[in-house]
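Student: Predicted model, plus sequence, below.
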Number of protein chains: 2
Amino acid sequence: MTGIAGIARQVERRTGIKTTARDVENILSCLQRVSHFWEVVYLSQKPFNIVAETVGILINEGLLENREDGTIGLTQAGKELVEVYRIYPKRHYACPHCERRGLDLSEFNELIKRFEQETKDRPEAVIDYDQGYVTSKTVISRIAMMAERGDLEGKKLLVLGDDDLVSLAAGLSELPQEVVVLEIDDRIIDYINKKAVQLELPVKAYKYDFRQSLPGEFVRAFDTFTTDPPETIEALEVVMKRGLAGLKGEGCAGYFGITKAESSFVKWREFQKMLLNKFDVTITDIIEDFNQYVNWGYLLESIRDDYSFVQVKPKLNWYRSSMYRIETVSGFSGVDNEPQECELYLDNEALIYKPVSLTK
Amino acid sequence: MTGIAGIARQVERRTGIKTTARDVENILSCLQRVSHFWEVVYLSQKPFNIVAETVGILINEGLLENREDGTIGLTQAGKELVEVYRIYPKRHYACPHCERRGLDLSEFNELIKRFEQETKDRPEAVIDYDQGYVTSKTVISRIAMMAERGDLEGKKLLVLGDDDLVSLAAGLSELPQEVVVLEIDDRIIDYINKKAVQLELPVKAYKYDFRQSLPGEFVRAFDTFTTDPPETIEALEVVMKRGLAGLKGEGCAGYFGITKAESSFVKWREFQKMLLNKFDVTITDIIEDFNQYVNWGYLLESIRDDYSFVQVKPKLNWYRSSMYRIETVSGFSGVDNEPQECELYLDNEALIYKPVSLTK
């Protein structure tokens, strides 16, 4: 019988992502609670590719079975393994009221309704820009969080990329003084501008590719930025640079989501070092599962097709991210604003990454 | 009329703590919502000494009045100031169900009751060791969070300092394999050991001053550590060192609270740099207000007595901290375990810090 540590080494070899015995243990814990691949990805909070390879290896080793209905479950040998290693079923205690965000939205019920009504005809997510938008509750929770922290009311908000339509929700809340959206997708720019005019909101969207410098008029012009960045380390660096270049100075804030499905804790650590050492900001909050994404149409066609258990339509909103809030502290004096080429979407932790064995 | 930026400079001069215009704005925002000093400290999430000096200066400037009943409120001039600067009343949307922790405790109702019953005769908080314990809901939320993340069930838990009695709650939950408490206060050591024997819990407390090396038998022996550290930067470093020295290796976790009342975001940043650069761990969560402290008896006698609005008994549990969770990632190979002298409790952000003008 292959031990847990051995499985971890195999997974690491196949994915090129650092994998510990505890990661495998965690996945085995989830497999005792749920029987769909995407639920395991969600519950384990591990990179998609680590979960896929772990499940693949467990099936190969006869520890897990892939049933005809697309579900997966431990075999007798698998059950013996978790008993020997004392691995227990995953526990889950998410607050049903706030879905883990810690925020009470009862004052925002009207805003949620209004936002949903006004954005019924929103553009669908497309693969070209790695899109996938969040639930209405997520959008309004972002508004509530920014409002609570004094980062929205009477303030200028910069939204870097906005398929989530946070700008329109902010406008509808009547809290911010001004909202600027910088976005690469013409469909979204046009949609936001059309709605903003129609609803008389102080919101304006402009075409922008964040590999370019932030246009001069937007440098040091905002109190707050929000974004939902692509998660290669290079893209994270460029997006943070643009957001921070947009802030007025000390005591300003940035909000963004980072997933665990596409970013391992090794990448998280590298990113956090960048925030602290390169950009000199403080991380004030990291709130798990804050951002919940509506399942997007192109998922299964964009990812690996070598495992049948992966090619199953997700039922729950499995793709989530932790909400980061960062703050510039006393003495913050901006960041450089040079153009910067970078790989936006593809690293070996990305959903769309295909192992070498498949691409040869 | 002194502007906001001018007030910030005065506060910075008096406290020696970096203070921005946004800090003062934030406090003025809170003063439009609540009228007790301790509520302003809680809501503003700013260091106690910044809030005290800001309020003091606002009173001096005739912007705020200190009423006979101990409350504080904006004067007409103060109301004009917030209008000119467009500073709005503080918003507050804490989830009433989970108190912002994001956790549903309904499976733990019995445990909360049991914990409260069994610890009715607990030792009171004393000033000698900067004590002050958290609410029962906080203790059980820590248990729930550790359990959910796979850091408790069947695991070995190290508790560094335990006036909160987390060890007994963990024991009563029947989840951990073993709990070790290292504590300096004999009253607490004796209390925990007596209860553990009486209730037949796998919990054992030992005398320990964390300025000493971690005893050999506890090095690389645990899956998880939890602590509620004193907040000078030196103390934070030593406590993290001991906690991490106690962990088995990669994929292990540490839990602890850091306040905003005694630690500015400048200190937070320094501490976060230490976690990342010196200890090479990932910060996985920062959850605001997770830890709520029961008001302790010695507060008013231990702090500055130059401001009458400060010398008022707090009504709500104003002292809270953000829950940090850190994780050791692949390749973690321990930390040094040398003895280290340090100032534990006193820096200029501490509650007990008295400005030079008072101590001369």
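Tutor: Perfect, thanks for sending it.
Student: State the distance from the residue of the stretch 201-350 of chain A found nearest chain B to B:Ala8.
Tutor: Using Cβ to the nearest Cβ, the single residue of the stretch 201-350 of chain A nearest to chain B is A:Gly251, 2.9 Å away. Just so you know, the C-beta spots here come from the backbone N, C-alpha and C atoms, and that holds for glycine as well. Distance of A:Gly251 to B:Ala8, computed by Cβ to Cβ, to the nearest Å: 9 Å.
Student: shared neighbours, those two?
Tutor: Listed as contacting both A:Gly251 and B:Ala8 by Cβ atoms under 8 Å, 6 or more residues apart in numbering or on different chains are B:20-21, B:23.
Student: could you dump stretch A:264-279 to CSV, C-alpha only?
Tutor: C-alpha atoms of stretch A:264-279 as CSV (Å, rounded to 0.1, in the frame of the first residue of the first chain):
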residue,chain,number,x,y,z
SER,A,264,-1.1,27.2,-3.5
PHE,A,265,0.0,28.5,-0.1
VAL,A,266,3.5,28.6,-1.6
LYS,A,267,2.3,31.1,-4.1
TRP,A,268,0.3,32.9,-1.4
ARG,A,269,3.5,33.3,0.5
GLU,A,270,5.4,34.7,-2.5
PHE,A,271,2.5,37.1,-3.1
GLN,A,272,2.4,38.2,0.5
LYS,A,273,6.1,38.8,0.5
MET,A,274,5.6,41.0,-2.6
LEU,A,275,2.8,43.0,-0.9
LEU,A,276,4.9,43.6,2.2
ASN,A,277,8.5,43.9,0.8
LYS,A,278,7.9,45.4,-2.5
PHE,A,279,4.8,47.5,-2.0
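Student: which residues are contacting it?
Tutor: With Cβ under 8 Å, 6+ apart, stretch A:264-279 has contacts from A:17-18, A:46-47, A:50, A:231, A:233, A:236-237, A:240-241, A:244, A:258, A:263, A:281-283, A:326, A:335, A:349, B:269, B:272-273, B:276-277, B:280-284, B:327, B:329-330.
Student: and those residues, which are buried?
Tutor: Neighbour counting over the contacts of stretch A:264-279 (16 or more other Cβ atoms under 10 Å in any protein chain shown) leaves A:17-18, A:46-47, A:50, A:231, A:233, A:236-237, A:240-241, A:244, A:258, A:263, A:281-283, A:326, A:335, A:349, B:269, B:272-273, B:276, B:280-284, B:327, B:329-330 as the buried ones.
Student: In strands, which of the residues you listed appear?
Tutor: Taking DSSP state E, the ones among the buried ones among the contacts of stretch A:264-279 that sit in strands are A:258, A:281-283, A:326, B:281-284, B:327.
Student: name the element the closest residue to A:Val82 other than its chain neighbours belongs to?
Tutor: Excluding its sequence neighbours, the residue lying closest to A:Val82 (Cβ to Cβ, 6 or more residues apart in numbering or on different chains) is A:Leu28, at 5.4 Å. For A:Leu28, the element it lies in under DSSP states H and E is helix A:21-30.
Student: which secondary structure elements does that helix contact?
Tutor: Counting contacts by 3 or more Cβ pairs under 8 Å, 6 or more residues apart in numbering or on different chains; DSSP states H and E, helix A:21-30 packs against helix A:4-15, helix A:37-44, helix A:48-60, helix A:76-84.
Student: Any chance of CSV for those helices, columns mean pLDDT?
Tutor: Output for these, formatted as CSV (pLDDT from 0 to 100):
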stretch, mean pLDDT
helix A:4-15, 95
helix A:37-44, 97
helix A:48-60, 97
helix A:76-84, 97
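Student: what sits against the residue of the stretch 101-250 of chain A found nearest chain B?
Tutor: Shortest the stretch 101-250 of chain A-to-chain B distance, computed as Cβ to the nearest Cβ: residue-wise this is A:Gly102, at 3.7 Å. When contacts are counted by Cβ under 8 Å, 6+ apart, A:Gly102 touches A:95, A:287, B:94-95, B:98, B:100-102, B:287-289.
Student: Local confidence estimate at it?
Tutor: Note for A:Gly102: predicted pLDDT of 98.
Student: likewise A:Asp128?
Tutor: So A:Asp128 comes in at 82 (pLDDT).
Student: Just give the number of residues close to it.
Tutor: The tally of other residues near A:Asp128 (other Cβ atoms under 10 Å in any protein chain shown) stands at 10.
Student: Which residues are in contact with it?
Tutor: A:Asp128 sits in contact with A:Asp185, where contact means Cβ under 8 Å, 6+ apart.
Student: how near is A:Leu43 to A:Lys315?
Tutor: Distance of A:Leu43 to A:Lys315, given as Cβ to Cβ: 13 Å.
Student: Comparing the two, which shows the higher neighbour count?
Tutor: Per other Cβ under 10 Å, whichever of A:Leu43 and A:Lys315 has more neighbours is A:Leu43, with 22 against 10.
Student: Grab the nearest non-local neighbour of that one.
Tutor: Among residues not flanking A:Leu43 along the chain, A:Cys30 sits closest, at 4.3 Å (Cβ to Cβ, 6+ apart).
Student: A:Pro230 is in contact with A:Phe256, correct?
Tutor: No: using Cβ atoms under 8 Å, A:Phe256 makes no contact with A:Pro230, being 10.9 Å away.
Student: Quick one: name the residues of the stretch 251-360 of chain A near chain B.
Tutor: By the rule Cβ under 8 Å from any Cβ of the partner chain, the part of the stretch 251-360 of chain A lying against chain B is A:251-252, A:264-266, A:268-269, A:272-273, A:276-277, A:280-289, A:322, A:327, A:329-331.
Student: Kindly recompute the last result at 10 Å.
Tutor: Residues of the stretch 251-360 of chain A lying near chain B by Cβ under 10 Å from any Cβ of the partner chain: A:251-253, A:260, A:264-277, A:280-290, A:322, A:324-332.
Student: can you check the stretch 51-200 of chain A too?
Tutor: In this structure, the stretch 51-200 of chain A approaches chain B at residues A:85-108, A:141, A:144-155, A:175, A:177, judged by Cβ under 10 Å from any Cβ.
Student: And A:Asn291, which helix or strand is it part of?
Tutor: strand A:281-292.
Student: tell me the mean pLDDT for the helix or strand that comes right after that strand?
Tutor: The helix or strand immediately downstream of strand A:281-292 is helix A:299-302, counting by DSSP H and E. Throughout helix A:299-302, pLDDT has a mean value of 92.
Student: Would you mark the buried spots in helix A:299-302?
Tutor: Neighbour counts over helix A:299-302 (16+ other Cβ under 10 Å) mark A:Leu299 as buried.
Student: Low-confidence regions, chain A specifically.
Tutor: Low-confidence segments of chain A, defined by pLDDT under 70, span residues A:1-2, A:356-360.
Student: one more time with 50
Tutor: A:359-360 (pLDDT under 50).
Student: Now do the helices for it: every range, in order, please.
Tutor: A:4-15, A:21-30, A:37-44, A:48-60, A:76-84, A:109-118, A:136-148, A:166-173, A:186-199, A:233-245, A:265-273, A:299-302, A:356-359 (DSSP state H).
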